[in-house]
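Undergrad: Here is a sequence with its predicted model. Questions after.
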Amino acid sequence: MRVCDPAEIGEAACARQILTRFTRRAWRRPATDAEIDRLMSFLTLAHDSGDGFDVGMKLALEAVLLSPHFIYRVETDPDPQSETPHRLNDYELASRLSYFLWSSMPDDELLDLADQDALHDPATLAAQVDRMLADPKAQALVDNFAGQWLATRAVETVEPNKTLFPGFEDALKTDIQAETNLFFKEFLETERPVRDMLDANFTYLSDRLAAHYGLPQVGSQTMTRVTLDPSSHRGGLLRQASFLAITSHPNRTSPVKRGKWVLEKLLCKEPPPPPPGVNNTVNTDVLTGTLREKLEEHRSNPSCAGCHALMDPIGFGFENYDAVGRYRTMDGDYPVDATGTLPDGETFSGPGELAQILKSDPHLSACVAKNMLVYALGRGDSPKDLCAIQKIAADFDARGGTFRDLIHVITESEPFTQRRGEALAIGGNP
């Protein structure tokens, strides 16, 4: 849409209108008069060089896009070294909201509210969150947050051994990733508690994915919502091929990776890295028996036992699922033993029983809250966030435990609406 005609109102007046409007969107705030004046100098430079209005405007617009105010989400501190929290201004808050929920810049409505200094009003803020979640641009939260938290983006890089798993093609990978994204999206858009993701009795399938799972055809290559029979060996996040495939090796399952994923993604209990110089591979070719028996080497080695005693017993509970997520009862010539043990000693058999234990674990809410807060802020958590995360988790559960509840609690929280400087650092971090 044309902003103005320089022939009608004059080149200087038209350039100022264009730059004022463009910088407001590009920099996600109004530019100051001094900033517009500096950009106007490019028109003078072009004129002095014998070029016209269009060349001057091109230079000015390039300067806008090369500015740190466009490239970075700028948030300022009155005192960069002060650790006393202070409120974000409304333009900074508008950007936090839009990049959290849309992975994009604020729209005109957010900027207009920021002009009025209205976004810090709790009712206005809550109404904007609801509006933004109803917008198609909220699909970015599915693609990016689910991809980051659940690591579903890693499905694209999964390359199972083609001799062992010849049917695992790119189209199937697309469906596997889509299953988890659509599953997550339903929880984002409905009043289902997040905890129910662990044992939900539905999923999304195409004929291709149904065949991979050994389930009845759905009659379409388009992903279709399906209610699962209890005997299907499916249901819930932990029995989806996205999780099972990204936590496997190309030629076999990995109880280590699967146990580590559960600890990190659902309980936020990340095991320490292996000690320097320790060989953390297992030669599965020279030993007989199930993979479970072969991995006893990890727990018999004192250098490995500390961590693997936490991860492996959880991962063993998934051994009924092969490296591409298909159900099985045999590991080669040997029956699968899918019993597992959590760090507190509680035992389970298979992902179904594990899901029931995790649903009642108080660490689950805090871990989901921590992961979403990290995503919302675009930075890692710090010890200073611990109390805030605990409060967010408690409020999240108290309100109903849905993703919408969590998003509202996070956008109202002090870490999201405030920032602080960093002692002995220039500039500080949010």
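TA: Sure thing, it's come through.

Undergrad: Is residue 320 in contact with residue 338, as I believe?
TA: Yes. With contact defined as C-beta atoms under 8 Å, residue 320 and residue 338 form a contacting pair (4.8 Å). In this view, the C-beta of every residue, glycine as well, is placed from N, C-alpha and C.

Undergrad: Give the residues shared as contacts by these two.
TA: Common contact partners of residue 320 and residue 338 (C-beta atoms under 8 Å, 6 or more residues apart in numbering): residue 350.

Undergrad: host element of the residue of the chain positioned farthest from its centre?
TA: Checked against the mean C-alpha position of the chain, the extreme residue using C-alpha atoms, centre = their mean is residue 50, at a distance of 51.0 Å. Secondary structure from DSSP states H and E places residue 50 outside every helix and strand.

Undergrad: And residue 69, by the same measure?
TA: Here residue 69 is assigned to helix 68-71, by DSSP H and E.

Undergrad: Quick check, residue 117 in contact with residue 90.
TA: Yes. Distance between residue 117 and residue 90: 5.2 Å, which falls inside the contact criterion (C-beta under 8 Å).

Undergrad: These two: which has the busier surroundings?
TA: Comparing residue 117 with residue 90 by neighbour count (other C-beta atoms under 10 Å), the higher total belongs to residue 90, at 20 against 11.

Undergrad: Just the buried residues of the lengthiest helix in the chain, please?
TA: Ranked by number of residues, the top helix in the chain under DSSP state H is helix 170-189. If you call a residue buried by 16 or more other C-beta atoms under 10 Å, then helix 170-189 has these buried ones: 172-188.

Undergrad: so what secondary structure elements neighbour it?
TA: Counting contacts by 3 or more C-beta pairs under 8 Å, 6 or more residues apart in numbering; DSSP states H and E, helix 170-189 packs against strand 202-205, helix 207-213, helix 241-246, helix 403-412.

Undergrad: The ones you listed: which one's closest to residue 142?
TA: If you check each of the helices and strands packed on helix 170-189 against residue 142 by C-beta to C-beta, helix 403-412 wins as the nearest, at 10.1 Å.

Undergrad: Remind me what the following helix or strand past the closest one packs against, helices and strands.
TA: Secondary structure here is assigned by DSSP H and E; on that basis, the next helix or strand after helix 403-412 toward the C-terminus is helix 414-417. Helices and strands touching helix 414-417, by 3+ C-beta pairs under 8 Å, 6+ apart, are helix 362-377.

Undergrad: next helix or strand past the helix it packs on?
TA: If you walk from helix 362-377 toward the C-terminus, the next helix or strand you reach (DSSP H and E) is helix 386-399.

Undergrad: mean confidence score for that following helix?
TA: On average, the pLDDT along helix 386-399 is 94.

Undergrad: Would you mark the buried spots in it?
TA: 388-389, 392-393, 395-397.

Undergrad: Show me how far it is from its chain's centre.
TA: 19 Å (C-alpha atoms, centre = their mean, to the nearest Å).

Undergrad: This protein: strands as residue ranges?
TA: Secondary structure of the chain by DSSP state E: the strands cover 86-87, 202-205, 224-227, 330-331, 334-335, 339-341, 347-349, 418-419.

Undergrad: Give me whichever of these is most buried.
TA: Between these, strand 202-205 has the highest mean count of neighbours, a mean of 22, where neighbours are mean count of other C-beta atoms under 10 Å.
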